[in-house]
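Q: sequence first, then the predicted structure:
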Amino acid sequence: MPGPVSQPQTLADVRTLPELLRWRIKARPAAEAYRHFDTRAVRWVSQSWHEIDAEFETWRRALAAEGLAPGERVAILMPNGIPHVAMDQAALSRGLVPVPMHAVDNPDSIAYILADSGALLLFVDTLERWQAIVATGQPLDHLKRVVCADAGGLITPDARIVGLDHWLAQAPVATAPLTDVAVEPNDLAAIVYTSGTTGRPKGVMLSHDNVIANVQAIARRIAAEPHDVFLSFLPLSHTFERTGGYYYPIAAGACVAYARSVPLLSEDLRHVRPTVLISVPRIYERIYALIMQRRASGRAIERVLLDLTIAVGGRRFDARQRRGPPPLLDRLLWPLLKRLVADKVLAQLGGRLRVAVSGGAPIAEPVIRLFLALGLDVLQGYGMTETSPVVSVNTPEDNDPHSVGHVLDGVEVRLGENDELLVRGRSVMLGYWRKPDETRRVKQADGWLHTGDQARIENGRITITGRIKDILVTSTGEKIAPVDLETAILADPLFEQALVVGEQRPFLTALVVLNAKAWALEKETLAARGKQGGAAERAALLARIAAAVKAYPSYATPRAVWWTLEPWTIASGLLTPTLKNKRPALERRFASEIEQIYAKKPRQ
């Protein structure tokens, strides 16, 4: 076993994730590290780096008592919060490999990941969740221990199962802290399973060096400050949140506050008042939809003020990005518009946000332009689980909302066949767990990773233009990227979810889930105009969709629509845990409806 290494003096000296935590604790032990809502005390509480390390120590001892060997896997099926982080840090300190799983995933997928990873310990939120996993029938005899956070009245004949409080209480007591098990940069730091939009998820093997290299590169690009507060609500099983919202704040010495839940997110934003937000486009789309709904139902003066704020603020943003000087009238109007409109809208996000990073999918232009006009720096970036994950990101000083920014230092990119984006660097994964053939298919021997995304690269700035596999080819030979159309449709607050189909069909069809309140208002408007019934509703929806995709060629405009008010969910197997459409599953579920649409020619 390698001998001890010298203690890192700077972030650049850090080699592994346990070193990162130890370095941070030593550097600023009294600074605020974490904030969470204590349901028993009914208040938000804070913990310093020194205090959180003392709490982690109990977890380290409890996990060490299990006798697991370095390299063995520990599965974590928990929502965001201190317990999730504590188990992750305990596992890393013992040389074990965390397997973070989506807390909202379905039992069948969870059982598959447990079996595929060969995890020996599972940390799960409730006994009911564990029982649902067992009910899938997947053999899980390899599990030696199941720790339930909320054990309730735990009565079970399975000796492997133990309540969290009891598990921690049984941790051996010692007078000195445990010594971390020595790990090397190329040792596994996690197996993170991809969402699996088209099949079973694959386990992405990320080393300590993969993650640390990405954290260091992010720190050189966007510098968070020790006084910053992150609000964490994306799943910690999502590599974007894991690196950007968990490990990177440790590197920056910033505080992370854990949101209570997505339904309480708006309340938590106003209370915590974060300065940095890591999010996916859907959050911004929902806020945009609310703003547009209020605009539609507001007074004329309110609509005029909002529209003027967006126009003036948009020109101010362009001027700040050196794309033209702001007109004198804009400079005079902005202080008033900021006070009357922009500040009030941004107050709903806490009022202190200085930067919001968005990843995972593109944001529709009207959505991102709204926030930029209000004065919030929304920065789009690009990455994937296989790259730990960040490849590129915009910055406040150089923000092109049409692109995903410049490539990070230490990362190489180039275009391959069919304009496929290829990536190489220290942050590129080791490979897929127990899938060498799959690894060889996407990662070349010289280290270049095939992303599957099409792109343009201009002066180091990346613009994603499509997805190689997600191209529809109609029977007329037109090639269309459905995800781009779906993103555009979702910019309209009437639409909650969207799927565009049309492979080898004469035209495109949109399957949409409608916002119930917005749809009720739309139908009232139609009735007031004397238009009622399915034909009128269909025409209205097609008109809204056509307006949303007007920037695309006419052949890319859906000519038929099917709608519902029933959301597509993860539990129904129609969405991935990261809320992406499972296209094959959706097409199977609605195969009858799709066939009925194409059985009759739509009106021109």
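A: Structure's in. What do you need?
Q: for the rest of this, base every contact and every neighbour count on C-alpha atoms.
A: Will do.
Q: wasn't residue 149 part of a helix?
A: No - under DSSP: H, G, I helix; E, B strand; the rest coil, residue 149 sits outside any helix and is assigned strand.
Q: can you give me the helices for the stretch 451-600 of the chain?
A: Secondary structure of the stretch 451-600 of the chain by DSSP state H, counting those that start in this stretch: the helices cover 482-489, 516-528, 534-548, 583-589, 591-599.
Q: now do residue 417: how many residues are near it, please.
A: 8 (other C-alpha atoms under 10 Å).
Q: and what of the one 3 residues further on?
A: Residue crowding around residue 420 was assessed by other C-alpha under 10 Å; the count is 21.
Q: does it touch residue 468 like I think?
A: Yes - Residue 420 lies in contact with residue 468 (C-alpha atoms under 8 Å); the separation is 7.4 Å.
Q: now do the shared contacts for those two.
A: Applying C-alpha atoms under 8 Å, 6 or more residues apart in numbering, one finds that residue 420 and residue 468 are jointly contacted by 452, 453, 454.
Q: is the second one bridged to anything, and to what?
A: On the basis of DSSP bridges, residue 453 takes part in beta bridges with residue 467.
Q: what sits against it?
A: Residue 453 makes contacts with 420, 421, 464, 465, 466, 467, 468, as judged by C-alpha under 8 Å, 6+ apart.
Q: same check on the last one?
A: When contacts are counted by C-alpha under 8 Å, 6+ apart, residue 454 touches 418, 419, 420, 421, 464, 465, 466, 467, 468.
Q: just the buried subset of those, please.
A: Buried members of the contacts of residue 454, scored by 16 or more other C-alpha atoms under 10 Å, are 419, 420, 421, 464, 466, 467.
Q: out of the residues you listed, which is nearest to residue 43?
A: residue 464 (43.3 Å; C-alpha to C-alpha).
Q: quick one: that closest one from residue 51, how far?
A: Residue 464 sits 43 Å away from residue 51, going by C-alpha to C-alpha, to the nearest Å.
Q: could you do residue 528 as well?
A: From residue 528 to residue 51 the distance is 62 Å (C-alpha to C-alpha).
Q: the more surrounded of the two?
A: Neighbour totals were compared for residue 528 and residue 51, and residue 51 leads with 18 against 10 (other C-alpha under 10 Å).
Q: shouldn't the more buried one be within a helix?
A: Yes - counting by three-state DSSP, one finds residue 51 located in a helix.
Q: how much space is there between it and residue 232?
A: 20 Å.
Q: quick one: low-confidence ranges for the stretch 1-150 of the chain?
A: 1-6 (pLDDT under 70).
Q: quick one: the helices in it, in order.
A: 17-27, 49-64, 82-93, 107-117, 127-134.
Q: return the most buried member of those helices.
A: helix 82-93 (a mean of 22; mean count of other C-alpha atoms under 10 Å).
Q: then that helix to CSV, C-alphas only?
A: Presented in CSV, the C-alpha positions along helix 82-93 are these (Å, rounded to 0.1, in the frame of the first residue of the first chain):
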residue,chain,number,x,y,z
ILE,A,82,-26.3,15.7,5.1
PRO,A,83,-26.9,11.9,5.4
HIS,A,84,-26.2,11.4,1.7
VAL,A,85,-23.0,13.4,1.9
ALA,A,86,-21.9,11.8,5.1
MET,A,87,-22.2,8.3,3.6
ASP,A,88,-20.4,9.4,0.5
GLN,A,89,-17.5,10.9,2.4
ALA,A,90,-17.4,7.9,4.8
ALA,A,91,-17.1,5.6,1.8
LEU,A,92,-14.4,7.7,0.1
SER,A,93,-12.4,7.8,3.3
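Q: what's in contact with that helix?
A: In contact with helix 82-93 (C-alpha under 8 Å, 6+ apart) are residues 17-18, 34, 36, 55-57, 59-60, 63, 74, 76, 78, 97-98, 123, 180-181, 189.
Q: got the contact list for the worst-scoring helix or strand of the chain on mean pLDDT?
A: With mean pLDDT, DSSP states H and E as the measure, the helix or strand of the chain carrying the lowest mean pLDDT is strand 479-480 (a mean of 78). Contacts to strand 479-480, defined as C-alpha under 8 Å, 6+ apart, come from residues 471, 472, 473, 556.
Q: which of the residues you listed are buried? Put it as a PyMOL command.
A: In PyMOL, this line selects whichever of the contacts of strand 479-480 come out buried by 16+ other C-alpha under 10 Å:
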select buried, resi 472+473+556
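Q: residue contacts, the most centrally placed residue in the chain?
A: Closest to where the C-alpha atoms of the chain average out (C-alpha atoms, centre = their mean) is residue 280, at 4.9 Å. Neighbour list for residue 280: 358, 359, 360, 361 [criterion: C-alpha under 8 Å, 6+ apart].
Q: neighbouring strands - and their directions - for the least confident helix or strand of the chain?
A: According to DSSP bridges, strand 479-480 forms sheet pairs with strand 472-473 (antiparallel).
Q: quick one: the partner strand to chain centroid distance?
A: 27 Å (C-alpha atoms, centre = their mean, to the nearest Å).
Q: so what touches that strand?
A: For strand 472-473, contacts defined as C-alpha under 8 Å, 6+ apart pick out 478, 479, 480, 481, 482, 501, 502, 503, 504.
Q: tell me the two of the contacts of residue 454 that are most distant?
A: Maximum pairwise distance in the contacts of residue 454, criterion C-alpha to C-alpha, is 12.8 Å, between 418 and 464.
Q: and the next helix or strand past the lengthiest helix in the chain?
A: If you go by DSSP state H, the chain has its longest helix at helix 300-320. Sequence order places helix 328-337 as the next helix or strand after helix 300-320, per DSSP states H and E.
Q: report the buried residues of the helix or strand following that following helix.
A: Counting by DSSP H and E, the next helix or strand C-terminal to helix 328-337 is helix 343-347. The neighbour-count check on helix 343-347 (16+ other C-alpha under 10 Å) flags 343, 345, 346 as buried.
Q: give the contact list for the closest residue to residue 173 other than its chain neighbours.
A: Among residues not flanking residue 173 along the chain, residue 61 sits closest, at 7.9 Å (C-alpha to C-alpha, 6 or more residues apart in numbering). Taking C-alpha under 8 Å, 6+ apart, we find residue 61 in contact with 171, 172, 173, 178.
Q: out of those residues, which one sits closest to residue 568?
A: Of the contacts of residue 61, the one sitting nearest to residue 568 (C-alpha to C-alpha) turns out to be residue 171, at 43.1 Å.
Q: distance of that closest one from residue 88?
A: 17 Å.
Q: export the contacts of residue 453 to CSV and tack on distance to residue 207?
A: Conversion of the contacts of residue 453 to CSV gives the following (distance: C-alpha to C-alpha, whole Å):
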residue, distance to residue 207
420, 25
421, 23
464, 27
465, 30
466, 29
467, 27
468, 28
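Q: per-residue pLDDT, the residue in the chain sticking out farthest from the centre?
A: When each C-alpha in the chain is compared with the mean C-alpha position (C-alpha atoms, centre = their mean), residue 530 comes out farthest, at 43.7 Å. Residue 530 carries a pLDDT value of 90.
Q: farthest-separated two in the contacts of residue 61?
A: Pairwise distances across those (C-alpha to C-alpha) peak at 11.9 Å, for the pair 171 and 178.
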